[in-house]
Each structure stands twice: as C-alpha cells, then as structure tokens.
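Enquirer: no sequence on this one, just coordinates:
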Ligand SMILES: Cc1ncc(COP(=O)(O)O)c(C=O)c1O
C-alpha cells in the first residue's frame, strides 16, 4: 500500500478503527512521525514532550543514537537465527552483564524472551519446575501481563481480565501493603497466612511474585520492611520469591533493580521494557540452581533474545555506565518530587505524591480526600495536557493516578517544560486552589 505524504491524525484514527479491534486501546488520538529523546512529533508536525516513554520503555529516550548505531551494525551482520538453533555472542554477553548486575550472593543465570508477560510466565515455569509445587501468590492491584497465566496473576479486573476467564488455577491474591490506604504490613502478611489456612498449604506454594513498586496499580511502593519479611516468610516455607521488575527495572527507580534498595535478593527477577530502549526483549535472571531446573528444550522461543534486541540492550548498559544514568534517575526523581509536592500545596486535588527514584506519580482525589478517587479529573488532565503538548499516562485501581516516566536522558529544561504544562493543565481543569 502506498504511504500518504500528508497524514492527518483524524483520518488515521478512522482507518485504525476500521482495521484494528477496539480491544487495543489508545491513550491519545495521535500518530507519531518521529521521536528524539524526550520529544515526539506527530504526523501533523505537532511537538509533544513525552512523559510516558512508551509505558516505561524509554529510560534512554527515543532513538538514542548509540542504540540506533548498535542495532544498525547488528543488522548488517545477521538479524535472526533462533538462539536455540544457532547461537550468537551478544546473547551470551548480555546474560553475563545482567548476571553481574543482579542481586544476591549466589551464582546467577539469565534467560531471554520477548515480552514482559513472557518473562513472568517463564519465571513461574522455572519456579514450578524447581520446587515441584504448583501454587503461586500474587498481590491485589498487581499487574503482570496479558497472557492467560499473567492475567491470572494480575489483580485488576477492568479492563484487563473482563470476559477472558477462567484463568489458570492455583493462583491466589494477598493484600498489597498500602499504608496510605489503610493496608498495613501486618495486614498484608496476615492475608498470606489466611491463604495458607483457607486456600493452599504453604508447602504447595512454588512462588510469591511481587512488583517492588506497582506500575499499573498506581506506583504503590512496597515498604522495604515488608519485602524483608516476605523474604523471611519465603525462606521459612521453601517458597521462591519472584520480583516483577518489568516496569521498575533498568534504572527507573535510581538503582538498576528496585529491589536493591530494600537489600532483599529475590530468587528470580523478571525484566523487560527499558532494558533495550524500545526493542522487544525481556529476561528472567536468578539463582543458577533454580534457573537450571527445567530440562533442555523446556525454555526458549523463536524470537526470544533476538540479536537486534540484544545489541540494543548492550548499548543501553553502556549508556547507563557512560552517562551515569542511575545517578541521573535519583536526581531527576528528587526534582520531580519537589516540584509535584509544591503543586500539591496549591492544588487540593493532589492527595499524594509518591514513588521511588524517577518512578513518580500523583494521586488525584476530590478535595484531596483519599476516599474519593477522581478518575474524571485525571482523564481530563491527560486530555488537557495532550492539547498543550505533553503526553501523560494514568494508572491505579481507580484510574486516578498520573504517572511520570520521562526518559532519564531528558534535559532539565524539557522536564521543567513538561511540568509547567502539567501545572497549566491543573489550572485549566481544577482552577487555582485557595
Ligand atoms: C510489572 C509488569 N509486569 C509485566 C508486564 C507485562 O509486560 P508486557 O506488556 O511486555 O507483556 C508489565 C507491563 O506493563 C508490567 O508493568
């Protein structure tokens, strides 16, 4: 089909709606023409600052020149063999470098896949194979993907699970500790004990899976003390601890893995999104003895650990080291928090500012009352910001959280310009607060 020269967003939306099922949602009714670091231009040449980063994928920004160069060089050599048929060195080097970064005083191994869901699925397969047990405990408000097992793990019905059940068995949900909304660490641990009493004995549980900071669930940070007690609980019962770092990983929270900050080493970690700057690859990294449980042929995938994506991921690691992006993540997070907290003093609708490193969000509630989540205002803010040239994303069980996932490579000037647009949108939607 011939490409049109002067594409219009509205015309493309009409074609999209006719050709693509409505189940594939879209936050903003625009189509990108090009992207550069933290900016994109749509097909009508309107410029936007990107605070979404393709949902946490672009910690190194759009089209980082070093990543593009690495992928182009890889394309000239070979693009696909299937690692299980003919292997290639970039896969091995990437595994070595991720093993070196992973937490824990034990030998590690890494497996590559294609999507975050696939990484989580494989972490569960490996945990079941190692323990010989079937049960898995996940948490309320958690998000782990769109495949059948990861949907089963996900703790949010609308829109992800609606109409797709039944989901695989032996999955149970404990309460995610959320001090702000009245779920204490003790409440959460008690809910796990209740699962052991009511649903499945601890000796049949293979793994507990947790996001150290919930992504889609609303940027809820798991208290470090909770993670430490979870580790103890797992050790007591021979249960494996899986960290889903698909959204928190690759430096977003100020350390390469968010779990690092709690001092807790999970047995297995799922990683994806920003690890390759926009190229599709995911990973499971963990204890070598656990990773080696499945027999040869039990793991893999046709495109899993594709050479182009491996080259991109190696470039991402180089960029983090060269440009000290972990320090940048901490400093950027501090800056975002300071400015958002200052906005919170002026706009009562902002009930909370939270996050870890540069994974930062605001929770919006009518009159600042945490019992009245305001999804409507959140939606209007996202729309208003877009009109003004800022791409924002909402999240949270009640759709009332605005999350910021701006590239770590964005300049201070761009970040501030984006925050100014957010504030102007607040004025427009909420009016100035007394
Ligand atoms: C924590 C977490 N786990 C898993 C996934 C699923 O990843 P993917 O969409 O690449 O399958 C996501 C995606 O948003 C995520 O945030």
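Expert: Done, it's in. Note that the structure is a prediction, hence the values are computed from the model and not measured. Numbers count the residues shown, from 1 in each chain.

Enquirer: Show me which residues of the chain sit near the ligand.
Expert: 55, 115-117, 120, 143-145, 211, 215-216, 244, 246-247, 272 (C-beta under 6 Å from any ligand atom). Bear in mind the C-beta positions are built from the backbone N, C-alpha and C, glycine included.

Enquirer: can we see that at 8 Å?
Expert: Residues of the chain found near the ligand (C-beta under 8 Å from any ligand atom) are 55-56, 115-120, 142-147, 150, 211, 214-216, 244-248, 270, 272-273, 280, 282.

Enquirer: So which residues of the stretch 151-300 of the chain form helices?
Expert: Using DSSP state H, counting those that start in this stretch, the helices of the stretch 151-300 of the chain run over residues 185-198, 224-237, 288-291.

Enquirer: Now those in TSV, please, with extra columns for distance to residue 298 and mean pLDDT.
Expert: Putting the helices of the stretch 151-300 of the chain into TSV (distance: least, C-beta to C-beta, whole Å; pLDDT from 0 to 100) gives the following:
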stretch	distance to residue 298	mean pLDDT
helix 185-198	28	98
helix 224-237	23	98
helix 288-291	11	98
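
Enquirer: Just put those in TSV and tack on distance to residue 329 and mean neighbour count.
Expert: Converted to TSV, the helices of the stretch 151-300 of the chain look like this (distance: least, C-beta to C-beta, whole Å; neighbours: other C-beta atoms under 10 Å):
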stretch	distance to residue 329	mean neighbour count
helix 185-198	26	15
helix 224-237	18	16
helix 288-291	28	18
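
Enquirer: any chance of the ones you listed in JSON lines, with distance to residue 40 too?
Expert: Conversion of those to JSON lines gives the following (distance: least, C-beta to C-beta, whole Å):
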{"stretch": "helix 185-198", "distance to residue 40": "39"}
{"stretch": "helix 224-237", "distance to residue 40": "36"}
{"stretch": "helix 288-291", "distance to residue 40": "38"}
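
Enquirer: can you tell me which of the residues of the chain next to the ligand are in strands?
Expert: Counting by DSSP state E, these place 244, 270, 282 in strands.

Enquirer: ok now do the first one, which residues does it touch?
Expert: Taking C-beta atoms under 8 Å, 6 or more residues apart in numbering as the criterion, residue 244 is in contact with 120, 123, 142, 144, 209, 210, 211, 269, 270.

Enquirer: Could you list which residues are in contact with the fourth one?
Expert: By C-beta under 8 Å, 6+ apart, the contact set of residue 144 is 116, 117, 120, 138, 150, 151, 153, 154, 209, 211, 244, 246.

Enquirer: which of those residues lies closest to the ligand?
Expert: Lowest distance from the ligand to these (C-beta to the nearest ligand atom) belongs to residue 116, with 2.2 Å.

Enquirer: Report pLDDT for the closest one.
Expert: Looking at residue 116, its pLDDT stands at 98.

Enquirer: Now residue 294. Nearest residue, chain neighbours left out?
Expert: Among residues not flanking residue 294 along the chain, residue 129 sits closest, at 4.6 Å (C-beta to C-beta, 6 or more residues apart in numbering).

Enquirer: So the one you found versus the ligand, what's the distance?
Expert: 20 Å (C-beta to the nearest ligand atom, to the nearest Å).

Enquirer: Offset the numbering so it begins at 673, please.
Expert: Shifting the count to begin at 673 puts that one at residue 801.

Enquirer: Look at that residue and say how many residues are nearby.
Expert: Residue crowding around residue 801 was assessed by other C-beta atoms under 10 Å; the count is 17.

Enquirer: any idea which residue sits dead centre in the protein?
Expert: The centre of the chain sits closest to residue 919, judged by C-alpha atoms, centre = their mean, with a distance of 1.6 Å.

Enquirer: can you count the residues close to the residue nearest to that residue when sequence neighbours are not counted?
Expert: Take residue 919 and drop its neighbours on the chain: the residue closest to it by C-beta to C-beta, 6+ apart is residue 887, 3.4 Å away. Residues contacting residue 887 under the criterion other C-beta under 10 Å number 26.

Enquirer: With that, I have no additional questions.
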